[in-house]
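Engineer: Need a 3D model of the following:
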Amino acid sequence: MPRSQADSALAEAERHLAAGRSQQAREAFRRARLFFHRCADTDGEAIVLVRLGEAELAAGHLASAKEALSDALALLSHETDPSARADALHLMGSLKNAEKNAPERDRLWAEAVSAHRDHGNKAGEARVLRDQAQVAKATGKDDLAFDLFSRAHRLYADLGHSFHEAMILLEIGQLHRAQGRADLAHDALERAADLFRVNGDTLDEGRTRLTLARLLRDLGDKETALRDLTLCAKLFGANGHLGGQAEALIDLARLEAAKAPKAALKMLHQARALAARSGIPSLQTQAASEIARLDQAALKDTP
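Structural biologist: Numbers count the residues shown, from 1 in each chain. I've put the predicted structure just below:
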């Protein structure tokens, strides 16, 4: 009976987690842990503790996450469940990152990468490499970030995980753009946008194409930038992302202002209304400023 109860509680926890019910999920994970413990299933108990630790960490409960992950690592030896142990090391490293303990974070993440690689878990290794790359990027270590992102990208490409590949390419493209490598940035961003589209993720496609359009604008390719911004506005609108739609319309209006000021004004008024509905004052201010600038220009042109 305890084993069936354990499986049932674990399934319930995963359902709550998928539905965004964090508190209920954590409670169900704790029940599952108790049931696995009662039937002396050490691996099952440890795996539940890893999932509980991940849920607690996501909720910002560092002390509870540390307790769950420490208990999991105490149960997991190198011979039991290597994947779960590597995941626990990764999560404990993330916890140390939240605690701003860089030496422990780096040690744990390096151990997690090694454990995943030793057991051929490319997806697990790529997840850790991506976290390492994001920390390197945030701390200004761009060369290290490129290396880590590139390694993660190769692993996801080998696995055929095109959505995760797109996420990494977006990161790489943003880094290239920040470093002034426009051609490489364009290539990475274009590939990322295409992969998001193939995966049906039109929201991330819109975000990527917005970055791509701004790069093209800065390079002087106004025509392609206008095309991508128009697509961005449609993608954001279809996804109900009012802030993104407002951003795209403001950028469109700035590009169209000289040639089609009336159309640009219409876009800006729409953007201001969208920004107001989404509660983003900074975008409202941007749109209002552009409207005032175009109105002033129109007055100057009036005989």
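
Engineer: alpha carbons only for contacts and neighbour counts from here, please
Structural biologist: OK.

Engineer: Check whether L210 really touches R227, as I assumed.
Structural biologist: No: counting by C-alpha atoms under 8 Å, L210 does not reach R227; the two are 10.6 Å apart.

Engineer: Between the two, which is the more surrounded one?
Structural biologist: Higher neighbour count among L210 and R227: L210, with 26 against 13, using other C-alpha atoms under 10 Å.

Engineer: quick one, phi/psi of the more buried one?
Structural biologist: Note on L210: backbone dihedrals following degrees, to the nearest 10 are phi -70, psi -40.

Engineer: Numbering from 222 from now on, please.
Structural biologist: Okay, using 222 as the starting number, the last item reads as L431.

Engineer: I'd like the distance between it and E325.
Structural biologist: 37 Å (C-alpha to C-alpha, to the nearest Å).

Engineer: Regarding K480, what is its secondary structure?
Structural biologist: Following DSSP: H, G, I helix; E, B strand; the rest coil, K480 is assigned to coil.

Engineer: Quick check: the gap between it and A469.
Structural biologist: On the measure of C-alpha to C-alpha, K480 and A469 end up 18 Å apart.

Engineer: Name the residue in those two with the higher neighbour count.
Structural biologist: More crowded of K480 and A469, by other C-alpha under 10 Å: A469, with 28 against 9.

Engineer: where's that one relative to R493, distance?
Structural biologist: 12 Å.

Engineer: Report all helices and strands that the host helix or strand of E444 contacts.
Structural biologist: In this structure, E444 sits in helix 443-459 according to DSSP states H and E. Applying 3 or more C-alpha pairs under 8 Å, 6 or more residues apart in numbering; DSSP states H and E, one finds that helix 443-459 makes contact with helix 423-439, helix 463-477.

Engineer: Now R348: closest residue in space that isn't a chain neighbour?
Structural biologist: A373 (7.4 Å; C-alpha to C-alpha, 6 or more residues apart in numbering).

Engineer: Could you give me the buried positions within the helix or strand harbouring A267?
Structural biologist: A267 belongs to helix 263-279 when elements are defined using DSSP H and E. Neighbour-count burial for helix 263-279 flags 263-278 (criterion: 16 or more other C-alpha atoms under 10 Å).

Engineer: what's next to it, contact-wise?
Structural biologist: With contact meaning C-alpha atoms under 8 Å, 6 or more residues apart in numbering, helix 263-279 is reached by 231, 243, 246-247, 250-251, 253-255, 257-258, 283, 285-290, 292-294, 296-297, 301-302, 305, 308-309, 312, 316.

Engineer: Just the buried residues out of the residues you listed, in ChimeraX syntax.
Structural biologist: Buried residues within the contacts of helix 263-279, by 16+ other C-alpha under 10 Å, are selected in ChimeraX with:
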select :231,243,246,247,250,251,253,254,255,257,258,283,285,286,287,289,290,292,293,294,296,297,305,308,309,312,316
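
Engineer: Report the residue ranges of every domain in this protein.
Structural biologist: 222-337, 348-421, 434-524 (automatic domain parsing).

Engineer: G427: which of those domains is closest?
Structural biologist: Shortest distance between G427 and the domains of the chain, using C-alpha to C-alpha, is found for domain 434-524: 4.8 Å.

Engineer: Could you pull up the mean pLDDT of that closest one?
Structural biologist: For domain 434-524, the mean per-residue pLDDT is 92.

Engineer: what do you get for stretch 224-243?
Structural biologist: For stretch 224-243, the mean per-residue pLDDT is 92.

Engineer: hmm, who's touching it?
Structural biologist: 245-250, 252-257, 260, 269, 276, 280.

Engineer: repeat that for 6 Å
Structural biologist: Residues from elsewhere that reach stretch 224-243 (C-alpha atoms under 6 Å, 6 or more residues apart in numbering): A246, A249, F250, A253, F256, F257.

Engineer: Same question for stretch 481-499.
Structural biologist: For stretch 481-499, the external contacting residues (C-alpha under 6 Å, 6+ apart) are L463, G464, A467, L470, I471, A474, E477, A478, L504, Q505, A508.
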